[in-house]
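A.B. asks: Fold the stuff below for me.
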Amino acid sequence: MKKGKFIVIDGMDGSGKTTEIRLLKNELKGHSTLFTYEPGGTPHADTIRAVLLSYGTGVRDALTDFFLFWAARASHVEEVVRPALAKGTNVISDRFDSSTYAFQIGAEEHPELEEAFWACRKAVLGECVPDAYIILDLPPSSAMKRRESDTSKALTVFDTQKLDYHTRARAGYKKFKPDSNVYIVDSSVSAEETHAKVWPIVKQILG
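C.D. replies: This is a model prediction of the structure:
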């Protein structure tokens with residue numbers, strides 16, 4: 001059986017990921033495609049997600065966050081992503097390891113975790129690596145304004161960080177160089193214009 005394709009849609013909060021995924025779901029109705037998300041996607045991973053988002057104003061520890069994200073990802077890969085791909089189902093994930101690289105290494109300024117990142121990636125993902133990452137990119141100030149004006153979602157501990165934090169996250173996404181194709185897509189334009197750039201990439205990858 002032909003293995004499914006694996007695509008990650010990622011970017012800062014406010015970059016338009018949620019809207020883009022909704023548009024992709026519309027485009028791919030009737031196709032064998034599983035939409036999933038991180039952190040989360042399984043009962044164990046969702047429990048870890050709740051822990052990660054429950055810090056409030058407490059002190060954050062990048063090393064703890066780093067391994068919690070990888071623990072959630074291990075459950076997600078083993079229980080959701082790998083079985084779907086093996087059945088020939090395409091998988092599109094809202095966030096993946098690209099977020100860990102951008103935030104825990106870049107935004108939180110812990111370059112010493114980079115070696116551990118690639119070691120964890122090899123151990124957790126194995127051959128289950130994305131075929132492509134599509135990173136939605138825009139100036140952090142614009143992303144923050146969008147996020148703050150979106151009253152449909154509560155702000156998380158990550159959303160409330162200062163501008164320089166999100167600037168470092170953006171740089172982290174651009175520095176991320178895995179053994180997969182990475183597409184940086186300008187999402188500072190309208191959702192329709194962003195989708196007009198993303199959809200041809202997705203169609204090409206899914207064949």
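A.B. asks: so what does the lowest-mean-pLDDT helix or strand in the chain touch, helix or strand wise?
C.D. replies: One helix or strand of the chain scores below all others by mean pLDDT, DSSP states H and E: helix 140-149, with a mean of 87. Contact partners of helix 140-149 among helices and strands, from 3 or more CB pairs under 8 Å, 6 or more residues apart in numbering; DSSP states H and E: helix 163-175. Backbone N, C-alpha and C define where each C-beta goes, glycine included.
A.B. asks: For the following helix or strand past the helix it packs on, which outside residues touch it?
C.D. replies: Downstream of helix 163-175, the next assigned helix or strand under DSSP states H and E is strand 181-186. For strand 181-186, contacts defined as CB atoms under 8 Å, 6 or more residues apart in numbering pick out 98, 131-138, 173-174, 176, 194, 197-198, 201, 205.
A.B. asks: From the residues you listed, list the buried ones, please.
C.D. replies: 98, 131-138, 173, 176, 194, 197-198, 205 (16 or more other CB atoms under 10 Å).
A.B. asks: Which members of those residues define the maximum pairwise distance?
C.D. replies: Maximum pairwise distance among these (CB to CB): 24.1 Å, between 131 and 138.
A.B. asks: OK, contacts around the residue nearest the centre of the chain?
C.D. replies: Using CA atoms, centre = their mean, the residue of the chain that lies closest to the mean C-alpha position is residue 95, 1.4 Å off. By CB under 8 Å, 6+ apart, residue 95 lies in contact with 8-10, 17, 37-39.
A.B. asks: Check residue 100 too.
C.D. replies: Taking CB under 8 Å, 6+ apart, we find residue 100 in contact with 66, 69-70, 73, 117.
A.B. asks: Kindly report the same for residue 187.
C.D. replies: In this structure, residue 187 makes contact with 11, 15-16, 20, 136-138, 194, judged by CB under 8 Å, 6+ apart.
A.B. asks: now, which of these lie within helices?
C.D. replies: Cross-referencing the contacts of residue 187 against helices under DSSP state H gives 20, 194.
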